[in-house]
Every structure is written in C-alpha cells, then in structure tokens.
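Predicted model and sequence follow; I will ask about them next.
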Amino acid sequence: MTAAGERWSPWGAVGQLDGVEVIRAILPDTVDGVCARLGDQVVIVLDRRLSQAERRVRLAHELVHLERDSIDCCFWAQADGKWTGLQIREELAVNREVARRLIPRRLLAAFLRSEDGLGHQVTARMIAERFDVTERVAHDAVEGYVLRHRRVA
C-alpha cells in the first residue's frame, strides 16, 4: 500500500506480485477483464480494446478481487449468468476500494477545493481526466467522499 493520500499504481502493485501475469486479448463485448487461478499462477486478462484509463481501472479491480480472494465470485464465472446477492455486494465493495485507491480522498479534496477556488463546477469527467480513471470510478470516489464527510459532520 501507499502512504495516506498517495496515488496507488495497479501496474506497480502487479509488478511486485509473484506468480501473477497480465495479458491483453480480445474478450467478449460484455467482459473487460478476468482474473483466474491456473495452479500456482494467476492470470489477469484485460481486453486489448480498453483505453489506458479503462485498463488501469480494470487491473485495479482484478487486483482487489485477488487480494480479497473473491475472483471466483465474479459474474462471468457463473454458469447461469445471474447475479447473486453475494456477487452484487462483493462487486460494490471492490468498486469502492478501487475508487478509494485510485482517487485518494485527500487528493480528491485538494482537487475539489482547487477547482472550486477557480469557480469551476466539477464533473465526473473532470475528475476522471485528472486522475486517469473512468467516470464510473470518479463517481464512486465522490460518493465515498461525500458519505464519509456526512458521517463526520
């Protein structure tokens, strides 16, 4: 992990893991990436058509699943193609953690203050561009930031 407020790099994190390989391939249109155990190896496959930000987010997502030992919980692994309550909760937890790591709250707060000081109305797209993530991750980060500040206030 990084110190509070520093940006976490999923590429740096995967480079420090033994037995984890990242490959890029063309995946079905409904799948951006997958993580699977093959014996002692872990293979993360990212769709080669993803943008840089999308690859970064998807790699982070798969790494968090790996850390949580929940790669078998993914939707694509289900034969019937239906989401279970456990899968939904796990995906939400993974998404929140990805947003927290890729957009640390301290850096998000500094960005929001800076843009507010310039009189700018901040959008998810602005946050996504600033932190090299998808708009979905930007939205999740803001949601986590707002919820945390509501509890404190």
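Looks like it arrived, so ask away.

Centre-most residue in the protein?
For the chain, the residue sitting closest to the mean C-alpha position, by C-alpha atoms, centre = their mean, is residue 98 at 3.3 Å.

helix/strand/coil for it?
Of the three states, residue 98 takes helix according to DSSP: H, G, I helix; E, B strand; the rest coil.

One more: residue 7?
Here residue 7 is recorded as coil under three-state DSSP.

show me what contacts it?
102, 104, 107, 131 (C-beta atoms under 8 Å, 6 or more residues apart in numbering). Quick note: C-beta positions are derived from backbone N, CA and C, even for glycine.

Which pLDDT value belongs to it?
Here, the pLDDT recorded for residue 7 equals 84.

Please report the distance of it from residue 30.
Look at residue 7 and residue 30: by C-beta to C-beta, to the nearest Å, they are 30 Å apart.

Equivalent analysis for residue 61, please.
For residue 61, the distance to residue 30 equals 15 Å [C-beta to C-beta].

remind me which residues of the protein are low pLDDT?
Applying pLDDT under 70 to the chain picks out residues 1-5, 72-83, 149-153.

again, 90 this time
Residues of the chain meeting the criterion pLDDT under 90: 1-7, 29-31, 37-38, 69-90, 115-121, 144-153.

how about the strands in this protein?
With strands called from DSSP state E, the chain shows them at 20-25, 33-38, 41-47.

Alright, that wraps it up for me.
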